[in-house]
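Student: below are the sequence and a predicted model; questions follow.
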Amino acid sequence: MDDLAHRLFARPWSFLRGARGMGDLPDAGPLEVAFAGRSNVGKSTLLNALVGQKALARTSNTPGRTQELNFFVTDTAPIVMVDMPGYGYAAAPKKTVEAWTGLVFDYLRGRVTLRRVYLLIDARHGLKANDEEVMNTLDQAAVSYQIVLTKTDKIAPSALETLLAETAEKIKKRPAAYPEIVATSSVTKEGVDALRAELARLAAEAAGAQ
Ligand SMILES: Nc1nc2c(ncn2[C@@H]2O[C@H](COP(=O)(O)OP(=O)(O)OP(=O)(O)O)[C@@H](O)[C@H]2O)c(=O)[nH]1
Ligand SMILES: [Mg+2]
C-alpha cells in the first residue's frame, strides 16, 4: 500500500448511519464515494476488503442483504464511503425492491457531495440492462464513475481479458465513465490496493479543499 493509502486505512472505519429515504441522509458535508451495482455483486464485501474489516458492512449469499444507504466514516480523512442496496433481483417483496431502487437512483442523481461512484459488475455476467440505466443516469448527472469487475477469481484469465476489452468498448463514448476498468477479487485481493490508492488520492484532494 502506498503512504497516503496506508494513512487512510490505518484506523478502523465505523458505521455512521443507514438511510431508507432521501430525508434520512446525513448532512451533505465531506465528499462521498458510493458502491453501486446489482444485488449480490459484492459491494459490501469489497468495502470490507478495502477497510480490512471483515464485518463492517453486512454481507450475505442471498441477494438483497443491504437494504439502506449505509454511510461509513474514518477519523483520518474527510471522506465517506456509501454502501448501497443492490438493484435487479433481490429476495424481497417487489414493492420493497422498488423502494430501494428508487432510493439508489435518487441518491445517484441528486447528491451534491457525491464525488465518485464505483459501479460493480460481476465478472461472470458483464454489463446488464440495469447497469446501462445506472450509467445513463450518471452520465446525465455528470457524476464520475468507474467500472469495477468483481469475483474475478471465478473466471479464467482469458475470459477476463475478453470481458475487459468488451466492457471498455461499451463505455468508450460515455462522458462520465473512467476509461480504465478495475478487476477485483475479494478472495485473491486483486485490485484492492489499486482502489485504496485511488480513494486515498480523493481523500487527499478533499482534505486540501477544506
Ligand atoms: N468468490 C467470490 N465471492 C465473492 C466476492 N465478492 C463477494 N463475494 C460473495 O458474493 C456474495 C454477495 O456479496 P455481498 O458483498 O453481500 O454483495 P452485495 O453486492 O453487497 O449484495 P446486496 O447487498 O444484497 O446488494 C457473498 O456470498 C460474498 O461472499 C469475490 O470477489 N469472489
Ligand atoms: Mg450489500
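Tutor: Happy to help now that I have it. Ligands and ions are numbered 1, 2, ... in the order given.
Student: not counting its neighbours along the chain, what's nearest G126?
Tutor: Of all residues beyond its chain neighbours, the one nearest G126 is L163 (5.8 Å), with distances taken as CB to CB, 6 or more residues apart in numbering. Backbone N, C-alpha and C define where each C-beta goes, glycine included.
Student: thought H125 was touching that neighbour, still the case?
Tutor: No - counting by CB atoms under 8 Å, H125 is not a contact partner of L163; they are 9.4 Å apart.
Student: neighbour count: these two, which is higher?
Tutor: A count of neighbours by other CB atoms under 10 Å puts L163 above the other of L163 and H125, at 21 against 15.
Student: shouldn't the more buried one be within a strand?
Tutor: No - L163 is assigned helix when assessed by DSSP: H, G, I helix; E, B strand; the rest coil, not a strand.
Student: got a list of what it touches?
Tutor: L163 is in contact with 123, 126, 149, 155, counting by CB atoms under 8 Å, 6 or more residues apart in numbering.
Student: of these - the most surrounded one?
Tutor: L149 (26 neighbours).
Student: which residues does it bridge with?
Tutor: Legend: beta-bridge partners of L149 under DSSP bridges are I121, A183.
Student: now R11. Nearest residue, chain neighbours left out?
Tutor: T76 (5.3 Å).
Student: and T113, how far is that from S144?
Tutor: 13 Å (CB to CB, to the nearest Å).
Student: name the residue most distant from the centre of the protein?
Tutor: For the chain, the largest distance from the centre (CA atoms, centre = their mean) belongs to S158, which lies 25.2 Å off.
Student: residue contacts, the residue of the chain found nearest ligand 1?
Tutor: Closest residue of the chain to ligand 1, CB to the nearest ligand atom: G86 (2.5 Å). For G86, the contact set (CB under 8 Å, 6+ apart) comprises 37-41, 43, 63-64, 66, 100.
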